[in-house]
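S.K.: Sharing a model prediction with you, sequence too.
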Amino acid sequence: IYYYADAQTTHTAYPDGLEVLQFPNNQIEKHYPDGTQEIVFPDHTVKCLYSDGFKETFFPDGTVVKVEKNGDKIVVFSNGQKEVHTAQFKRREYPDGTVKTVYCNGRQETKYSTGRVRIKDEEGNIILDKK
C-alpha cells in the first residue's frame, strides 16, 4: 500500500496483480492483470476499459454505452430506446419498433412500427412517404 500525500491518493497492489487507486474525490480505479480497467466515478458511473479496446460505461440512470474498438457506439437508454452510431449512420430504435436512421450525408429514413416509411433528403425535404 502506497499513499501519495501530495495527490492524497492511495495505491494498493495485491498479490494476484490487481491494483486499486483511490483518489480524494472518491474516484476508484481497479487495474486488473489482464489489462482491464474499471473506474468508478464519484457519481457512481462505472467505466470498464477492456484490453481488446472494447469500452462500456454504466450510468446511474440505467443508461449503458458500449464502444467497439472500431469506434461504433451503442447507447441503450433506461426507457428502452437504443442508439447505434457508426461512421455511416446514426440510428435510433424505439420500444414500439420505430427506427429512425440519419446517414452521414444527412439523408433521414424513418420506418414506423405501422409499416409506414418516410425518407427525407439531406435538406429535410420529404422524398418518400409510404403509408
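M.R.: All right, it came through fine.
S.K.: what domains does the record give for this protein?
M.R.: Domain ranges of the chain: 1-72, 79-130, per the TED database.
S.K.: Serialize those to CSV and add fields for mean neighbour count and mean pLDDT.
M.R.: Quick note: C-beta positions are derived from backbone N, CA and C, even for glycine. Shown next, in CSV, are these (neighbours: other Cβ atoms under 10 Å; pLDDT from 0 to 100):
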stretch, mean neighbour count, mean pLDDT
domain 1-72, 13, 96
domain 79-130, 13, 94
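S.K.: ok, residue 20 - contacts?
M.R.: When contacts are counted by Cβ atoms under 8 Å, 6 or more residues apart in numbering, residue 20 is found next to 10-12, 14, 28-31.
S.K.: how much space is there between residue 105 and residue 91?
M.R.: Computed with Cβ to Cβ, to the nearest Å, the distance linking residue 105 and residue 91 is 15 Å.
S.K.: same check, this time on residue 99
M.R.: Taking Cβ to Cβ as the measure, residue 99 falls 6 Å from residue 91.
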